Structure formats: C-alpha cells, structure tokens
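Undergrad: This is the structure alone, sequence omitted:
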C-alpha cells in the first residue's frame with residue numbers, strides 16, 4: 001500500500017523559507033515515469049498544484065511560483081522536499097504531497113497545515 005506523509009513546521013515566519021518533506025512508503029521514488037508532486041489548498045481557494053519531480057530529477061513548477069519554489073528528492077531515504085522561499089502570509093494553507101502515475105494523482109498524503117506569521 002502506497003502511503004505519503006508530510007512533515008515540517010506548522011508555523012513559519014514571513015520572509016523565511018517554508019520547507020516540507022514527504023516520506024513515501026510502499027513505492028519507490030526511483031520508479032520511472034512517476035511524478036512526485038506538491039499541492040496546496042489556500043483559504044477560500046481551490047487546490048493548487050505547486051510542482052512535481054521525476055526520478056530523472058526533472059522538475060516542473062507552477063509558473064507563478066517558479067522564482068520561489070524548489071523541489072528535490074533523496075532516493076536513499078525515499079523522500080522528496082518542497083522549499084518555498086520568502087514565505088508570506090498568503091502562503092498559509094494545507095500542503096499535500098502526492099503521487100502521479102498513469103495520468104492520475106492517485107495517492108495523497110493527509111496534508112499538513114502551514115501558517116506563515118507576519
């Protein structure tokens with residue numbers, strides 16, 4: 001059974017980096033063709049794709065977050081990480097790590113609330 005678990009500080013000060021790590025079990029980050037993604041749900045807004053990374057190391061980002069987002073992976077730990085620099089209160093929300101395979105985002109973490117304090 002594939003499981004994803006987000007971890008990171010629930011409270012971040014504005015202008016600091018927001019960093020979250022996703023630990024994956026039941027699947028390997030080294031599998032070809034699988035995307036490991038980050039999404040977020042901001043208050044009053046729909047679910048927003050942040051970006052994803054492949055086993056090759058290729059990474060794709062939401063254009064509006066391109067200058068601040070960075071996704072990396074550690075295949076030895078089967079983890080991938082999101083770093084969002086220069087966080088603002090508008091980045092506050094619930095963040096999810098997700099697996100994308102066969103054209104669908106099929107496994108989701110439970111989500112973690114991040115609040116950016118001004």
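TA: In hand now; what should we look at? Since we're looking at a predicted model, the values are computed, not measured.
Undergrad: who's in contact with the residue minimising distance to the centre of the chain?
TA: Most central in the chain under CA atoms, centre = their mean is residue 38, positioned 2.8 Å from the mean C-alpha point. The contact partners of residue 38, by CB atoms under 8 Å, 6 or more residues apart in numbering, come to 20, 22, 49-52, 71, 82, 95-98. Placement of C-beta: from N, CA and C, glycine included.
Undergrad: 7 Å instead, please
TA: 50-51, 71, 82, 95, 97 (CB atoms under 7 Å, 6 or more residues apart in numbering).
Undergrad: so where does the residue nearest to residue 99 when sequence neighbours are not counted fall, helix or strand?
TA: Residue nearest to residue 99 in three dimensions, not counting chain neighbours: residue 107, with 4.3 Å by CB to CB, 6 or more residues apart in numbering. Element membership of residue 107, judged by DSSP states H and E, is strand 104-108.
Undergrad: Understood, closing this out.
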